[in-house]
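Enquirer: Build the 3D model from these lines:
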Amino acid sequence: MLMFHPQVRRRMIELFCRRTQPWESPAILFRLSGGLIGSAKQGISFSAQPAQSSENQQLLGPVCSEVLGLPPEFQSHAYANILNRCISYEEPMKGKALHCQILKMGNFLDLFALNVLLNFYVKSQFLPDAHKLFDEIPHRNTVSFVTLIQGYAAVDQCMEAVKLFTRLHREGHELNAFVFTTVLKLLVSMDWAELGSSVHACICKLGHGNNAFVGTALVDAYSLRGLVEIAKGVFDGILLKDMISWTGMVACYAENGHFEEALEFFSEMRRVGFMPNCYTFSGVLKACVGLEEIGMGRSIHGCALKSCFAHAHYVGIGLLELYTGCGDFKDAQLVFEIMPTKDVISWSLMIARYAQGNQSAEAIEMFCRMRQALVVPNQFSLASLLQACATLGLLFLGKQVHCHALKAGHGSDVFVSNALMDVYAKCGTMENSMVLFVDAPNKNDVTWNTIIVGYGQLGDGEKALAIFMDMLDQEMMLPSEVAYSSALSACASLASMDPGMQIHSLTIRTKFDKENVVANSLIDMYAKCGNIRDARLVFDMMANRDEVSWNAMISAYSMHGLGKEALAIFQKMQVTDCKPNKLTFVGVLSACSNMGLLEEGEAYFKTMVTDFGVEPCVEHYTCMVWLLGRLGKLDKAMKLIAEMPFEPSIMVWRALLGACVIHHDLNLGRVAAERVLEMEPEDEAAYVLLSNIYATAKRWGSVAHIRKTMKKKGVKKQPGLSWIEFQGNTHYFIVGDTSHPDARLIKGMLEWLKMRTEQEGYVPDSKAVLLDVEDDEKGRLLWLHSERLALAFALIRMPVGSPVRILKNLRICLDCHNAIKVISKVVGRDVVIRDINRFHHFQDGLCSCGDYW
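Expert: Model prediction:
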């Protein structure tokens, strides 16, 4: 046919090479496709050596002969177009085969075609070959350098890219807009955006500051550094702003917390006639999330639907962030379901938001669906799933995820490791958490926080403090507010004020004392260590108090028996923006019950529902039962228990039993004790309290029967234990203890205190000793109680005038309470005792409880 005549073919190639899309030449497409596919199958190497088979020559020979028949410039351009097609269709082996033929035919490509060939190797990620080709180009230009720079930047070999830029500048090549845009993107990817100012100066000097591409790259660099105003100045200097420039500025505002400005800029962009793209919508949706403006977000969603961008991946992710961030998981799920492509990012986001939103079951279900969709989870998916396991206490599932993480190679990832530590800690297996902690190759602040919080929540405050001290010894690890808060909570649980004060001084030096989470922990620590004055001082110094701050102060006053002060704080809270919650009213009702404020307690119990919308929970009912029972209104307390909308807890019955002991109500006490023992058969407190009721009634046979029952069931009475902290050491005392090194001095101090208190009018209350012995023996036994031993030790060893703080594991007895009131007056010391229920502040013969406890 005429079409295949050599002269006709040659002319057609010339014509098509002059077109902007030479690949539309059917002859070239047909011949080259067949030839290159055959070459790729034979594995032609990147070499100038002769072909390894005659078949390769036969496949490429006709094509090359046709191209070689063209003028030299057409030959070069034709091969450049063929290479571009290899790039577009991701056919690296065809491109290598073609380069092999070019080399065999004399490497006749001009600089334009060589740059295309260089781009082919860069896009195919053959960087060693690309760099070799680059070095062999005789007359490199700016395009050559920028092409290779982009290649190294794409594979995170940023230092090589920087070296090439330095070489470009040193060799005197043109610094055009293309170069500056590439370099600025490189600096941003390397987190070297601070060098953008130097590049900006060079840009201004060469007159590229008003270029849209360069300006947008500068906006990105300044955005990364948080320099929004400078970025806005760069934007204003762009002469011909395009949609990408506007999008970059919207993203700059959104990424740096200027959410209102981002929305205003979006509106201005629409007014000047630019249509947003998927990246614009992503930025403006982030602004809606920041402002928690779900209404505005829905409007943006509607705009995206009209613009046909709602199904774009970035817009879908932004919408998921919007709806989950505002708690609308129903709409978030709808958006997720209609996303055309669900990748690991979208799955991970939904799993994470469900886990963080206390919807752990849904998070686990979403992960199972992800696996059914054959999407491979990454470290973030696994970490979020483990968070759900920790919340639900699913140890077995957590172990399964641990095994999967190890198989998938994510076991050493810091996010997965931290989440696993949290699972084991919350499931009570701290030994597994500790193994992960010790073996973790890269510990961050979350790693340390997790292990400290884990030990603290399990009640091992000493271990938590020890790990915190180890954290302070790490050179590259500075504690965060979470670490300080956890360490202070450990001090509070141990009632160790000395280390708590040292940690307080550290928070002041590091400025973390201004953080609410730390300040709230300081209030709690000082309160539980018996220093209510410093707790109030920290509270008063807080600039922005939240609900936790007010609750902590109310509870602090309540546990110290300062009910009026607690109620005064509650009144102040009501004139702030902080709304009282369940914990607030637990503190308020506890304050009323500790002070015997019946009218106020009943009023708050009613208004918490009518005025504040807080439904009573078991803790509120426990406070009311104790308030009524302590005042002797046992029938009314029993009626309240009967009216509870749910089953009374063991704490409710214990409160009633305690009240029965105080008022010697044997019959009701027996009922309360039976309810306690039904729920917890080995509750030694119930046996002891019931025994005390019988002993008070001098029913010694019943006392003996209870003791025999306890022995039969293996229930042991907890001995009275008091302890005191002195010079970093804790000294423990039990009833009648004579093992302390200072036992002789303590005995002498007790004899002196007995003499001085009797001179002041103190008379022992023999009823406090529930044993069938003579009164003289009872009087002797009273002076062997653990709190008196601890007090005698403190008076011997502690400096004169310093306050004494003692902790006790049981309720202080009536006679010790009376004796220590007199002792505080005799020795002129403030004595603070924390028993199992509350604090007692003894000063000058008086107690803060007003003898009501």
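
Enquirer: What ranges does the protein have for its strands?
Expert: For the chain, strands defined by DSSP state E occupy the ranges 721-726, 729-734, 804-808, 831-834, 839-843, 846-847.

Enquirer: got TSV for these, with distance to V661 too?
Expert: All C-beta atoms are positioned from the backbone trio N, CA, C, and that covers glycine. Shown next, in TSV, are the strands of the chain (distance: least, C-beta to C-beta, whole Å):
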stretch	distance to V661
strand 721-726	20
strand 729-734	22
strand 804-808	17
strand 831-834	20
strand 839-843	18
strand 846-847	20
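
Enquirer: Make a markdown table out of these and add mean pLDDT, distance to I300 and mean neighbour count.
Expert: Shown next, in a markdown table, are those (pLDDT from 0 to 100; distance: least, C-beta to C-beta, whole Å; neighbours: other C-beta atoms under 10 Å):
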| stretch | mean pLDDT | distance to I300 | mean neighbour count |
| --- | --- | --- | --- |
| strand 721-726 | 91 | 59 | 20 |
| strand 729-734 | 91 | 60 | 16 |
| strand 804-808 | 93 | 58 | 24 |
| strand 831-834 | 94 | 56 | 22 |
| strand 839-843 | 93 | 55 | 22 |
| strand 846-847 | 92 | 63 | 18 |
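
Enquirer: Give me the pLDDT value at the closest residue to F605 other than its chain neighbours.
Expert: Of all residues not flanking F605 in the chain, M624 sits nearest, at 5.8 Å (C-beta to C-beta, 6 or more residues apart in numbering). M624 is assigned a pLDDT of 96 by the prediction.

Enquirer: got the contact list for M624?
Expert: Applying C-beta atoms under 8 Å, 6 or more residues apart in numbering to M624 gives the contacts L589, S593, G601, E602, F605, A637, L640.

Enquirer: Give me the pLDDT for the second one.
Expert: What that stands for is S593. At S593, the pLDDT recorded in the model is 92.

Enquirer: Renumber starting at 40 from here on
Expert: All right, first residue 40 from here; so that's S632.

Enquirer: K675 versus the residue nearest to F644, what's the distance?
Expert: According to C-beta to C-beta, to the nearest Å, M663 and K675 sit 10 Å apart.

Enquirer: what pLDDT does the residue nearest to the spatial centre of the chain get?
Expert: Geometric centre of the chain, nearest residue: V485, 7.6 Å, by C-alpha atoms, centre = their mean. pLDDT, the model's per-residue confidence, is 92 for V485.

Enquirer: Tell me how many other residues crowd the closest residue to it other than its chain neighbours.
Expert: Once flanking residues are discounted, V485 sits nearest to N457: 4.9 Å by C-beta to C-beta, 6+ apart. Residues contacting N457 under the criterion other C-beta atoms under 10 Å number 25.

Enquirer: Over to V648?
Expert: Count around V648 with other C-beta under 10 Å applied: 13.

Enquirer: Now do the same for it: its pLDDT.
Expert: pLDDT for V648: 94.

Enquirer: how near is it to A724?
Expert: If you measure V648 against A724 using C-beta to C-beta, the figure is 31 Å.

Enquirer: One more: G467?
Expert: Taking C-beta to C-beta, one finds G467 at 23 Å from A724.

Enquirer: what about these two, which has more around it?
Expert: More neighbours surround A724 than the other of G467 and A724, with 18 against 14 (other C-beta under 10 Å).

Enquirer: My guess is the more buried one contacts A694. True?
Expert: No - counting by C-beta atoms under 8 Å, A694 is not a contact partner of A724; they are 11.7 Å apart.

Enquirer: Setting aside sequence neighbours, what's the nearest residue to I689?
Expert: I689 sits nearest to M718 (C-beta to C-beta, 6+ apart), 4.6 Å away.

Enquirer: Could you check the pLDDT of R58?
Expert: In this prediction, R58 has a pLDDT value of 42.

Enquirer: what's the burial count for S306?
Expert: For S306, the neighbour count with other C-beta under 10 Å is 10.

Enquirer: Ok, E790 next?
Expert: 12.

Enquirer: and what of the one 3 residues further on?
Expert: Summarising burial for K793: neighbours were counted as other C-beta under 10 Å, giving 19.

Enquirer: Relative to C342, how far out is G800?
Expert: 85 Å.

Enquirer: Neighbour count: the two, which is higher?
Expert: Using other C-beta under 10 Å as the criterion, G800 and C342 rank with C342 on top: 17 against 7.

Enquirer: quick one, what contacts the more buried one?
Expert: By C-beta under 8 Å, 6+ apart, the contact list for C342 reads P315, F320.

Enquirer: and it, how far is that from T319?
Expert: 10 Å.

Enquirer: V774 now?
Expert: For V774, the distance to T319 - C-beta to C-beta - is 76 Å.

Enquirer: Those two: which has the busier surroundings?
Expert: Set side by side, V774 and T319 show more neighbours around T319, with 30 against 16, by other C-beta under 10 Å.

Enquirer: I'd guessed that one sits against G287; true?
Expert: No - in this structure, T319 is not within contact of G287 by C-beta under 8 Å, at 9.5 Å.

Enquirer: quick one: the helices in the stretch 40-189 of the chain?
Expert: 45-57, 65-81, 93-107, 111-127, 131-143, 150-162, 166-175, 181-193 (DSSP state H, counting those that start in this stretch).

Enquirer: could you measure S237 against C243, distance?
Expert: 11 Å.

Enquirer: got it, and H770?
Expert: The value you get for H770 to C243, if C-beta to C-beta is used, is 73 Å.

Enquirer: so K756 sits right up against K750, yeah?
Expert: No - the criterion here is C-beta under 8 Å, and K756 misses it with K750 at 10.1 Å.

Enquirer: Mind pulling up the pLDDT for D874?
Expert: The score at D874 is 90. That number is its pLDDT.

Enquirer: In the stretch 40-189 of the chain, where is pLDDT below threshold?
Expert: 40-113 (pLDDT under 70).

Enquirer: actually the chain, not the one I typed
Expert: For the chain, residues meeting the criterion pLDDT under 70 lie at 40-113, 807, 809-812.

Enquirer: From F320, how far out is the residue nearest to V485?
Expert: Computed as C-beta to C-beta, the N457 to F320 distance reads 33 Å.

Enquirer: Right, I'll leave it there.
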